[in-house]
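Engineer: build me a structure from this.
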Amino acid sequence: MNLTPKAIAQEIGAEKLVGNGDIILTGFASLAEAGPQDLSFFSDSRYENLLYATRAGAVILSKDFTPKKPLPSHVAWIYVGRPEQAFYSLVQRYKVPPLPGWGREPYAVIHPTAVVPSATYIGAFAYIAQNVRLAERVWIYPFAYIGADVEIGEGTIVYPHAVIMAGTKIGRNCIIHPGAVVGADGFGFYKGESRPYERIPQIGHVVIEDDVEVGANTCIDRATLGQTRLEQGVKLDNLIQVGHNVRIGPHTAIAAQSGIAGSSTIGAFCRIGGQVGIADHLYVADRSSITAQAGVSKSISTPGKGWRGAPAQEVRQQLLMEAVMRKLTELYPKILELLNEKKA
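Structural biologist: Have a look, this model is predicted:
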């Protein structure tokens, strides 16, 4: 990137530009790490102090922001309606490497029955099994595995070493990150007569709707019967386990190392923190917010509430319990003293 603050302000439709609009900017950085040739942004009041000390050449900030003290004069200040969105649109345009062009690289294996349009990219050593149906503008990176009867919609990217098992259906504009496994068998066993565990055949499949992102090394199990389903706009971080027959509602986001046991249903617009565990056959209502390391052992039926702790409880109740527990260390000697007096 070689742009001036003046050119950036024009490109993002800024309300105004204050400061030197003719310096050359070559990179992007945070407020704390930016140098004189970097563009940064400010959108969170928690980091306001960084504004007054930044070395950035230019900063994008909200048109409604009122500083508590004078802003540094060496910075070009670019005022817009949504600074974070404006900043990352520039990052996407000027810094993110472009996707590969269409074609098939050497050593890619494509079954004769697979439907692979010319406007797709198939990387080296990728494997496309029988009866796969790819839409146009699909990117399959090197060493990815696409199993039999898989369908993948337009604009979807499958990164290296991702595994898409047989029968999986993936919608449009999805991203499957490296090492993800979609459609492996669910964890299903029953007690046999001669053996402690008999395997239950997993004959369902996984459906991923449009605009879903699946993080690196995340695993989404196929259904025992029927579907495991991720609805539109779901965002999964790395290292997440989604059990068989789970359903995750639209635009729910789940952070790393969380696990959802089989046949549970997560509602729409939920936010689930890292290392959350959700037991099997539960329901989590729409717009629920579950903090990191919570353990959900019962269904959450009321929408829009926050939950924390193990077992998970409403935030206010859990915070009260934590406060009481901290006081117990002070109260315990007094309780012992009262008990001893009673015995005497």
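Engineer: tell me, please, where in this structure the pLDDT is lower than the cut-off.
Structural biologist: Low-confidence segments of the chain, defined by pLDDT under 70: 344.
Engineer: let's verify residue 318: helix, strand, or coil?
Structural biologist: Following DSSP: H, G, I helix; E, B strand; the rest coil, residue 318 is assigned to helix.
Engineer: I'd like the distance between it and residue 329.
Structural biologist: 19 Å (CB to CB, to the nearest Å). (Each C-beta comes from the backbone N, C-alpha and C, glycine too.)
Engineer: who has more neighbours, the two?
Structural biologist: Neighbour comparison, residue 318 and residue 329: the larger count goes to residue 318, with 19 against 8 (by other CB atoms under 10 Å).
Engineer: and that one, how close does it get to residue 305?
Structural biologist: 12 Å.
Engineer: likewise for residue 273?
Structural biologist: For residue 273, the distance to residue 305 - CB to CB - is 15 Å.
Engineer: those two - which one has more neighbours?
Structural biologist: Each of residue 273 and residue 305 has its neighbours counted (other CB under 10 Å); residue 273 has more, 20 against 15.
Engineer: give me the number of residues near the nearest residue to the more buried one once chain neighbours are set aside?
Structural biologist: Spatial nearest neighbour of residue 273, excluding adjacent residues (CB to CB, 6 or more residues apart in numbering): residue 292 at 3.6 Å. When neighbours are counted by other CB under 10 Å, residue 292 registers 14.
Engineer: ditto for residue 104
Structural biologist: The number of residues packed near residue 104 is 18, by other CB under 10 Å.
Engineer: for it, list the residues it contacts.
Structural biologist: Shown in contact with residue 104 (CB atoms under 8 Å, 6 or more residues apart in numbering): 110, 116, 122.
Engineer: most neighbours among these, which one?
Structural biologist: Counting neighbours by other CB under 10 Å, residue 122 leads the contacts of residue 104 with 26 neighbours.
Engineer: which SS state does residue 8 fall under?
Structural biologist: Following three-state DSSP, we place residue 8 in the helix state.
Engineer: nearest residue to it in space, please, no chain neighbours.
Structural biologist: Nearest non-adjacent residue to residue 8, counting by CB to CB, 6+ apart: residue 78, 6.2 Å away.
Engineer: what sits against that neighbour?
Structural biologist: By CB under 8 Å, 6+ apart, the contact set of residue 78 is 5, 8-9, 12, 14, 17, 58-61, 86.
Engineer: let's see it at 10 Å
Structural biologist: For residue 78, the contacting residues are 5-6, 8-9, 12, 14-19, 21, 39, 41, 58-61, 63, 86-87, by CB atoms under 10 Å, 6 or more residues apart in numbering.
Engineer: now list the buried members of those residues.
Structural biologist: Buried by 16 or more other CB atoms under 10 Å: 5-6, 8-9, 12, 14, 17, 19, 21, 39, 41, 58-61, 86-87, out of the contacts of residue 78.
Engineer: quick check: buried residues in stretch 102-116?
Structural biologist: Using 16+ other CB under 10 Å as the test for burial, stretch 102-116 gives 104, 108, 110, 114, 116.
Engineer: wait, is residue 84 part of a helix?
Structural biologist: Yes. Residue 84 sits within a helix when classified using three-state DSSP.
Engineer: quick one, what contacts it?
Structural biologist: Applying CB under 10 Å, 6+ apart, we find residue 84 in contact with 41-44, 60, 62.
Engineer: farthest-separated two in the residues you listed?
Structural biologist: Largest separation among those by CB to CB: 44 and 60, giving 12.9 Å.
Engineer: between the two, which contacts overlap?
Structural biologist: By CB under 10 Å, 6+ apart, the residues touching both residue 44 and residue 60 are 83-84.
Engineer: of the contacts of residue 84, closest to residue 298?
Structural biologist: residue 44 (34.5 Å).
Engineer: gap between the closest one and residue 18?
Structural biologist: Separation of residue 44 from residue 18 (CB to CB): 21 Å.
Engineer: again, but for residue 293
Structural biologist: Residue 293 is 44 Å from residue 18, by CB to CB.
Engineer: and if you look at residue 195?
Structural biologist: 75 Å.
Engineer: same deal with residue 176?
Structural biologist: For residue 176, the distance to residue 18 (CB to CB) stands at 43 Å.
Engineer: same check on residue 96?
Structural biologist: Using CB to CB, residue 96 is found at 29 Å from residue 18.
Engineer: cool, and residue 283?
Structural biologist: Residue 283 is 52 Å from residue 18, by CB to CB.
Engineer: likewise for residue 254?
Structural biologist: Computed as CB to CB, the residue 254 to residue 18 distance reads 41 Å.
Engineer: now stretch 139-147, how far from the centre of its chain.
Structural biologist: Centroid separation between stretch 139-147 and its chain, computed with CA atoms, centre = their mean, to the nearest Å, is 21 Å.
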